[in-house]
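Asks: Here's a sequence, model it:
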Amino acid sequence: MSGTTSAPAHPVPQQAHPGRLSRLKGFVTSFRPEVWCLVLALVFNLFAGHSFRIGLPVSLDRFLLPAAFGLMLMNPQRRRVRPGLVHLLVLLFVGWILVSMASYGNLLDTTSLFALLDRVLWPFLLFTFGSILLPDTRSRDLLLVTLSGIGLWLGVLAVLELVAPALVWPRYIVDPDIGMQFGRARGPFVASEGMGNALAYTGFAAAWASSRLPRWRIWLLGIFALDMLGVALALTRSVWVSVAVAAVVAVLLIPRLRRWIPAALGAGIITLVGVVALLPNVVTGFFERINQLGPLYDRLGSNDAAIRMLADRPLTGIGWRRFYPHGSDWVRQSDLYPMNKVVIEIHNVILSRAAELGIPAALVFVAIIILGPLSVIWHRRSTTGLEVAADRSHALEIAGWQNLSLLIFTVWLVSGLFGPMAIPFPNNVAWLVAGVAAVHLSRPNRSPIEVPS
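Replies: A predicted model of the protein is given here:
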């Protein structure tokens, strides 16, 4: 019939949810590519050393971290490093390590090179460029959300490892033949100390995110509580001590937290009662761990050997990454404790630097810590006298990052007094957050370059 329009035999398919896809695209493109490279590098860094166990021939953070720094350097509008004594000391320390490696013939040794990357170069670079990689509030909030998401996964893993190991993925985490300290919460690091430190860092990040993202406050505080439970399930005394010290630091730094002490103690008691009732095996492991002396004897023996070695080689040490296993020549049977393992890694990060590089290098390392991450103590932001709302909001945010940095670095430093700090993820997160907080070590680009559109 004329004037009638027939429907097409094959309707043209409509794009599903164009509004959602558009918003997702807008969200992704609202961040610079180096920001995405950085947060994705942190995610894959969780599996450093074990990426092949999840089907990856090499951990993608090995590519994403260099890409983040390369893209950052290509940004003409980026902030600039404000050169200072700490940067000179960093260069001196790295140069010292390279000379040590060349002198002892392990400059091309794979283990020594990866140790240099994961324990020194990446942490120092993330600290130096942290506030440049994440120069605005949105990118810093993305880091908080990423760390909180990681914290949720690690917290769930910590519980499942001890309650329902059949549900744990990746499966290598619950393989007793892989890693160390099977029977504790070990996470993707298959090492309880690395797991405990990572849970503490991400838990603190989730707590800080709860004040930044009020819509998700209950969930984020839940992640914090779950991560603190995971810290207990890691059954690692050095982590327990470091988190306890960080809690004292938190109360001293943030007076408003003091009113929450009764609520926190109450929640802790309720959690303890629940764990005792539901997880009696964990309670047994907790008390066994407290009374276990063998690991303490191993650490005392290794640390004593390092001190003896320093008496012989105070200026140069034994060489970068050579104490384990070459430090056995300085091991002696003590009259005060039994000797179990002949030599293990030195369980004190500062003593380790001294034993492997010499006392002068260790003093440089200590100076870097004081003038670097700990420098926010005397550069903390104040909102006094700031009448412009934007300035006050920015100052409050940076002050929050500085508090977070001091808490996380307290855990890193105290744990480092009892361990080698060999796991890459905790090292990178601690020094990155310190770099984000250390805005006094960078400055805006005063001569922006116009980029043609």
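Asks: I'd like the next helix or strand past the helix or strand hosting Asn428.
Replies: For Asn428, the element it lies in under DSSP states H and E is helix 424-437. Where DSSP H and E defines the elements, the next helix or strand beyond helix 424-437 is strand 442-443.
Asks: State the paired neighbours of that next one in the sheet, together with their directions.
Replies: strand 80-81 (antiparallel) (DSSP bridges).
Asks: right, and the helix or strand after the strand it pairs with?
Replies: Next along from strand 80-81, by DSSP H and E: helix 85-104.
Asks: And the contacts of that following helix?
Replies: Residues outside helix 85-104 that contact it (Cβ atoms under 8 Å, 6 or more residues apart in numbering) are 81, 107, 109, 112, 116, 120-121, 124, 128, 316-320, 322, 356-357, 361, 364-365, 367-368, 371-372, 375, 441. No exception for glycine: its C-beta is placed from N, CA and C like everyone else's.
Asks: that older thread, starting at the chain centroid, how far to the helix holding Asn428?
Replies: 5 Å (Cα atoms, centre = their mean, to the nearest Å).
Asks: Who are the packing partners of that helix?
Replies: helix 33-45, helix 122-133, helix 137-163, helix 192-212, helix 389-416 (3 or more Cβ pairs under 8 Å, 6 or more residues apart in numbering; DSSP states H and E).
Asks: Can you go through the contacts of helix 85-104 and name the buried ones?
Replies: Buried by 16 or more other Cβ atoms under 10 Å: 109, 112, 116, 120-121, 124, 128, 316-320, 322, 356-357, 361, 364-365, 367-368, 371-372, 375, 441, out of the contacts of helix 85-104.
Asks: Looking at those residues, which are in helices?
Replies: If you go by DSSP state H, those have Ser112, Leu116, Phe124, Thr128, Glu356, Leu357, Ala361, Val364, Phe365, Ala367, Ile368, Leu371 in helices.
Asks: Spit out the contact partners of Ser112.
Replies: Met101, Asn106, Trp320, Arg321.
Asks: Among these, which one lies nearest to Ser238?
Replies: Closest approach between the contacts of Ser112 and Ser238, by Cβ to Cβ: Arg321, at 21.4 Å.
Asks: ok, that closest one - how many residues close by?
Replies: When counting by other Cβ atoms under 10 Å, one arrives at 23 neighbours for Arg321.
Asks: repeat for the one 3 residues further on
Replies: Taking other Cβ under 10 Å as the criterion, the count of residues near Tyr324 is 17.
Asks: Can you tell me the element it falls in?
Replies: Going by DSSP H and E, Tyr324 is part of helix 323-326.
Asks: what does Ser302 give?
Replies: helix 294-312.
Asks: roughly how far out does that helix sit from the chain middle?
Replies: For helix 294-312, the distance to the chain centre is 27 Å (Cα atoms, centre = their mean).
Asks: Which neighbouring elements make contact with that helix?
Replies: Looks like helix 294-312 contacts helix 349-357 (3+ Cβ pairs under 8 Å, 6+ apart).
Asks: Would you mind giving the orientation angle of the helix it packs on with respect to helix 294-312?
Replies: Orientation check (axes from the mean of the first three to the mean of the last three Cα atoms, to 10 degrees): helix 349-357 against helix 294-312 gives 40 degrees.
Asks: tell me which strands and helices helix 349-357 is in contact with?
Replies: helix 85-104, helix 294-312, helix 323-326, helix 359-371.
Asks: can you list the ones you listed in CSV and add mean pLDDT and distance to Leu157?
Replies: CSV is the format used below for the helices and strands packed on helix 349-357 (pLDDT from 0 to 100; distance: least, Cβ to Cβ, whole Å):
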stretch, mean pLDDT, distance to Leu157
helix 85-104, 96, 34
helix 294-312, 85, 23
helix 323-326, 82, 28
helix 359-371, 97, 30
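Asks: Need those in CSV (columns: distance to Leu24).
Replies: Formatted as CSV, the helices and strands packed on helix 349-357 follow (distance: least, Cβ to Cβ, whole Å):
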stretch, distance to Leu24
helix 85-104, 39
helix 294-312, 48
helix 323-326, 47
helix 359-371, 41
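Asks: so which of those comes closest to Phe224?
Replies: Nearest of the helices and strands packed on helix 349-357 (Cβ to Cβ): helix 359-371, 26.3 Å.
Asks: just how off-centre is the closest one within its chain?
Replies: 20 Å.
Asks: and for it, what are the contacting residues?
Replies: Contacts for helix 359-371 (Cβ under 8 Å, 6+ apart): 84-86, 89-90, 92-93, 96-97, 100, 124, 310, 314-315, 317, 350-351, 353-354, 413.
Asks: Now do that helix against helix 424-437, angle only.
Replies: Using the same axes, to 10 degrees, helix 359-371 lies at 50 degrees relative to helix 424-437.
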